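*Asks:* I'd like to go over a predicted model; first the sequence, then the structure.
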Protein chains: 2
Amino acid sequence: MTSFCVEFVSRRTRCHRITKWTAISFTLTLIATTMQADRSFSDEGMWLFNNPPNKILERKYGFKPTAEWLLHLQRAAVRFNDGGSGSFISPDGLVLTNHHVGRGALQKLSTSEHDYTNTGFHAKTRADEIRAVDSELNVLQSIEDVTARVNAAVTPDMSPAKAHEARRAIINTIEKESHDATGLRSDVVTLYQGAVYHLYRYKRYTDVRLVFAPEESIAFFGGDPDNFEYPRYDLDFCLFRVYENGKPAKIEHYLRCDPQGVREDELVFVAGHPGHTDRLDTVEHLEFLRDLAHPWRLNSLFRREVILGAFAARDEENARRAQVEILGAQNTRKALLGQLGGLQDPATMDRKRREEKELRERVAQFETSHNARKQKADQAAWDNVSKALSTWRSIYTDLQMLEEEQGFNSRLFRLARTLVRMPAEDAKPNADRLPEFTESSRASLEQRLFSTAPIYDNLEIVNLGDSISVLVTKLGADNPLVVKVLAGRSPRDRAAELIHGTKLKDVAERKRLAAGGPKAIEESNDPMIALARLIDPPSRAVRKKYEEEVQEPMRQAYAKIAAARFAITGTDTYPDATFTLRLAFGTVKGYNDEGKRIPPWTTMGGAFEHAARHNNEPPFRLPDSWLKHKDKLDLTTPLNFVLTADIIGGNSGSPVVNRRGELVGLIFDGNIQSLVLDFVYTDEKARAVAVDTRAIVEALRKIYDAGDIADEIVGKTDVTSKPARH
Amino acid sequence: MTSFCVEFVSRRTRCHRITKWTAISFTLTLIATTMQADRSFSDEGMWLFNNPPNKILERKYGFKPTAEWLLHLQRAAVRFNDGGSGSFISPDGLVLTNHHVGRGALQKLSTSEHDYTNTGFHAKTRADEIRAVDSELNVLQSIEDVTARVNAAVTPDMSPAKAHEARRAIINTIEKESHDATGLRSDVVTLYQGAVYHLYRYKRYTDVRLVFAPEESIAFFGGDPDNFEYPRYDLDFCLFRVYENGKPAKIEHYLRCDPQGVREDELVFVAGHPGHTDRLDTVEHLEFLRDLAHPWRLNSLFRREVILGAFAARDEENARRAQVEILGAQNTRKALLGQLGGLQDPATMDRKRREEKELRERVAQFETSHNARKQKADQAAWDNVSKALSTWRSIYTDLQMLEEEQGFNSRLFRLARTLVRMPAEDAKPNADRLPEFTESSRASLEQRLFSTAPIYDNLEIVNLGDSISVLVTKLGADNPLVVKVLAGRSPRDRAAELIHGTKLKDVAERKRLAAGGPKAIEESNDPMIALARLIDPPSRAVRKKYEEEVQEPMRQAYAKIAAARFAITGTDTYPDATFTLRLAFGTVKGYNDEGKRIPPWTTMGGAFEHAARHNNEPPFRLPDSWLKHKDKLDLTTPLNFVLTADIIGGNSGSPVVNRRGELVGLIFDGNIQSLVLDFVYTDEKARAVAVDTRAIVEALRKIYDAGDIADEIVGKTDVTSKPARH
């Protein structure tokens, strides 16, 4: 799956995948809105673990989570640092996530001889568990509010440039202090678009081993056509195990599985890492997405899907090499088309406009009675967002092409860029560094930089050649930088020359250059290093402009808008998603669609019927293992189910737990009607889609001959008897 | 295959398909150029039948075509009016073309029950031959130079707007006079970008019946991956028969087949309808293609390929419905990527710049000695092209979205537009009408308007919904026209409303509206008619601006450039392709590629080997008929071959004939190295690719049990004995 940066700069290398979203637009009617809905009757919200929706849960469901309950769930939840969620499900470090979250790791372990992505994997013993080449898992240990400290460093008299520098410095410093003091990965997270700053401390696991994966054909049964659809029949799970000091990690907080599963209308919770939402964006910010950002990204995705599809069609090995990128592009394309459909619906935007007008009027009324000067400043915040967006528009192309690397889509280029920037950043005090080069980020950076994941020349040439062609179009063939990039060749020939000429495929060479400091980089005649050197000054320049003239003013403006909103509606609210841990809740519930009742569950037997309806042709062909063992299966076993919890891309792999905190499901998708959740919550038809843990256990035991793993999941007891409560 | 308009206005409804072109760019070296090459040693040229390359043929090959030889070939050549070439190959009206040229007709005859495109078709008797729903075949009867008459109507003192009107009026009048006098379809063709005007008179055949088609899987064996590649293994042919008065037409000029086939290095000719080239474009015009037109079209094609691909993936019937559009989009995408690769190669553009500089210097020298005023006017021509291009750029978006219908990609919308425009145009004198509504074009127009070709609601909704979404992005969500188009709905919902609401699927309703004149259109409350009425004024306005401020000045300027070139280099030259009949020549010849010798032929046995190399997986899976009859086949039968003749998209289906005018092959593709033929001819590696007629005969006899058809092709004699020469 393709990764997209959640927020451009604050942690530009910490990305999430837009995992689930759909292409089919529909008119938004009767949707509950952030402003107007009485939240006590809706399951809205991606809540902070340090500000949980206690009142709503108690009023609507009579449930009051204790501090222990919350802490347990928080520490059992796992973030896959390349863009998904997961959870600990055994005391021996077993981690449950989606197959599509693990797909990147599977791909990096696969070769043309051992294609684990498509044929699956099963470690019969712990000795057979194989280590992922560059996975990093994060487990949230604590949250600390550092808003006051961050804001104290930024004074009102500062220019945006100065304010940006000061804010970066204090954030880098807070992170370093925390990292030095605790040894934990320490990230300052920007919430409410800039109103609040929290310090998140994570335990990092980097020895992550593959335990089990089913075949892609059942994990992603139905492929792109069924993606974001329901009813659904996907066994989208896989299992890893984290190790420490060469041994399975001992995990205190893990989720026990309730083998009885979940009932209809039962209250459930989702603990995961939603990547990005835009619910608190101003209308003009949404227009920016509608008119510029989404169309831009979609054009890029359409192009990638076609170019990679043509590459993959040439032969089986090409198809294997490009598979993860293609599925990622398809997934994000379907998601963004769905979002764009919502944004292009005049009814949606009219509603957003009305809400904004109402908020501004209420701000005006509220502040008038309090402080006229503050009122003026608050009203000016919307204009300041507008000004920042205007600057963003003006630099959008350069930003995408250079700093976002859309003109240089190549893993080898990205490695070269890191190598080129590293000595320059290392020479600065920690507080002044780009966030991805700070001391607290170093371990993660080096893990990526020295990754042994395979790099394929032919795929690199196709990707780089095509992106240089886009660069020529976007910046102009006569642009002096473009002329230098091409060096007299066609984009394709130049890409071939660069990929064949660089030595960066060799990890030892990367280590040599990294160890050599500025001199090694300056003196290198590696053509990819030379290219990265060439691009660096203009790329840094446009990033600087973005940070100082877009990001910083927007943070300040959104902080004012958020503060005004808090003052009016109270602080019992949740921030937009930021790929950090959130708590969502809801019930298992079907819905009505075009006069048809969609029941909450599908069954394993339904998968066979769905395949038959599509002539068993890919992507509706079940794997041989399923056909072979069909007779043994209890075909009534629940396979997938839907729930009303508020999720979005990044939540893939999140555990679904019951009131007792027991595992009952595994989020892997949202239905087509959930497409608008980026902007606004609705529970009329929008549903999260989960794998039922009963299907996981049934498949492990009866299809995959993996009873030992099933035993580990259900606590070594028989599937028909209840495990002990914790 | 998708059709593209060759030239925007002169006959905007007469299109050609960019049939064969490739995605892989390479550095242009050692290419012969129009200006500099000594043509007596190259096989360059798409020659006019009234200005054949006699000198070159005699000097290089010792061959002198007679007037009879030329007329025979001219009248045996057939144009498929929706974008391809073909030829008569029997006295009973049998027409040979490519399967991919006939694909549109096959698709329109197919249903979910009878899928002739994929499963093939064989009329066992003439009574079984089925009539294509809206095919039109044109056979060129005569050519008349009308340059003087056209230019006389346009005086130097006229404004561009007046000049455009005067030119359109004289062209419409010449066509009408010719049509009235002869009953023949009469088209004034613009040659050398505006220097020369010829009147082409065609016999029209509209009763076109399907005789035979092999399965798509062998006609397009290797699919998109093998498209524009060589060696190749495609039986890309199909057969139609033209009827007159309910009986097979009696054809005087048809091509006899030489069952011995062709030999290596043998001189051969291609008579066909190349669609469009840009060899005489100014450098700035090429930059316009590189920087704007090609990227624009590619973005649109990437998008269509993905959207249609997702539609097709849902089920088999969707796949069938979208097949022709998908293959067309893939083909054009691969062609344009190849062209763009050439245009983005600094070496290509530098060479074009040097040539242009040299031409302008020679014009200056030449004219100085003749006429200083003329010299100044000629030099100004380049600036005038530049000015026109600048205007074109400024209206490009509106032109594409509105008049080119990219914002309304729907067959029902196109029908509605024709119905809306018809009464308005009919009310004008013939001379003042839009070209597609003149009296001489009426028969072709009505054939399309009242076509019974199936229209599929779900495909229409996907196409229209997606294109309206593009419209919103391109023109802006707040554009008053866009607001009216959406009418408060999302693009997708609006499309569904329009497609479900219109009655234009019913041919009788179209006839009723067409017969009702302006009143019927004004009073119609059909939502698609209302949409076409809404779009018409701004769409006509941008077309008018294009015609008056881009097309007319460019014609005048290019006429000057061409005249200057004639004065310097003589008139022994050929114009850029215009989807009119041209004569190309060359020899059957292999080539060297990356140190490997590529032989000129492949064999039928090679097809089986190629399938095996790709695990017999689609698109490399041979049809059952081939597997079943493999044992009977002479596997050494030549299947495809390459030749040096100068062809381009639109030449698909062209006959390849020997010195005796006997059929030996059937053009269906160009190899990857032929990608740059749009700009410049080269015979180093660029090759046309043809089906060998021996494979057609072998397959008809031994695979398809169609010996009677084989007999008709080889003149009812045994394949091993020579037929009589004519």
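*Replies:* Right, received. Where do you want to start?
*Asks:* how close does the residue nearest to A:Ala495 when sequence neighbours are not counted get to B:Leu415?
*Replies:* Once flanking residues are discounted, A:Ala495 sits nearest to A:Gly465: 3.5 Å by C-beta to C-beta, 6 or more residues apart in numbering or on different chains. Yep, even glycine has a C-beta here, placed from its N, CA and C like the rest. According to C-beta to C-beta, to the nearest Å, A:Gly465 stands 41 Å off from B:Leu415.
*Asks:* follow-up on the earlier one: now name the helix or strand holding the residue nearest to A:Ala495.
*Replies:* Using DSSP states H and E, the element containing A:Gly465 is helix A:457-475.
*Asks:* close to chain B: what parts of the stretch 351-500 of chain A are there?
*Replies:* A:469, A:472-473, A:476-477, A:483, A:486, A:488-493 (C-beta under 8 Å from any C-beta of the partner chain).
*Asks:* okay, now the unreliable bits of chain A?
*Replies:* Scanning chain A for pLDDT under 70 picks out A:1-40, A:367-370, A:717-726.
*Asks:* how does it divide into domains?
*Replies:* A:4-136+A:206-281+A:576-713, A:283-554 (automatic domain parsing).
*Asks:* out of these, which is the most enclosed?
*Replies:* Counting by mean count of other C-beta atoms under 10 Å in any protein chain shown, domain A:4-136+A:206-281+A:576-713 has the highest mean neighbour count of the domains of chain A, with a mean of 21.
*Asks:* centre of the chain versus it, how much separation?
*Replies:* Distance, stretch centre to chain centre, for domain A:4-136+A:206-281+A:576-713: 13 Å (C-alpha atoms, centre = their mean, to the nearest Å).
*Asks:* distance-wise, check the spatially closest residue to A:Leu298 that is not a sequence neighbour relative to A:Arg279.
*Replies:* Excluding the flanking residues, the one nearest A:Leu298 by C-beta to C-beta, 6+ apart is A:Leu336, at 5.4 Å. Separation of A:Leu336 from A:Arg279 (C-beta to C-beta) stands at 17 Å.
*Asks:* swap in A:Gly261?
*Replies:* 32 Å.
*Asks:* now A:Tyr202
*Replies:* The value you get for A:Tyr202 to A:Arg279, if C-beta to C-beta is used, is 25 Å.
*Asks:* swap in A:Arg540?
*Replies:* Counting by C-beta to C-beta, the gap from A:Arg540 to A:Arg279 is 32 Å.
*Asks:* kindly report the same for A:Val385.
*Replies:* 15 Å.
*Asks:* by contact count, what packs against the host helix or strand of the residue nearest to A:Leu298?
*Replies:* Assigned by DSSP H and E, A:Leu336 falls within helix A:316-343. Under the contact criterion of 3 or more C-beta pairs under 8 Å, 6 or more residues apart in numbering or on different chains; DSSP states H and E, helix A:316-343 touches helix A:99-109, helix A:116-119, helix A:223-226, helix A:294-314, helix A:457-475.
*Asks:* for the very next helix or strand once past it, name the packing helices and strands.
*Replies:* Sequence order places helix A:346-368 as the next helix or strand after helix A:316-343, per DSSP H and E. Applying 3+ C-beta pairs under 8 Å, 6+ apart, one finds that helix A:346-368 makes contact with helix A:283-288, helix A:372-398, helix A:552-569.
*Asks:* please see if the shortest one touches chain B.
*Replies:* Yes: Helix A:283-288 is in contact with chain B by C-beta under 8 Å from any C-beta, via A:Glu287.
*Asks:* that helix packs against which elements?
*Replies:* helix A:346-368, helix A:372-398.
*Asks:* ok now that helix, how far from the chain's centre?
*Replies:* On C-alpha atoms, centre = their mean, the centre of helix A:283-288 falls 22 Å from that of its chain.
*Asks:* only alpha carbons, please: show that helix as PDB.
*Replies:* Extracted C-alpha coordinates of helix A:283-288, given in PDB (Å, rounded to 0.1, in the frame of the first residue of the first chain):
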ATOM      1  CA  VAL A 283     -14.500  25.700   4.000                       C
ATOM      2  CA  GLU A 284     -11.700  27.300   2.000                       C
ATOM      3  CA  HIS A 285      -9.400  24.500   3.100                       C
ATOM      4  CA  LEU A 286     -11.900  21.900   1.900                       C
ATOM      5  CA  GLU A 287     -12.100  23.800  -1.400                       C
ATOM      6  CA  PHE A 288      -8.300  23.600  -1.600                       C
END
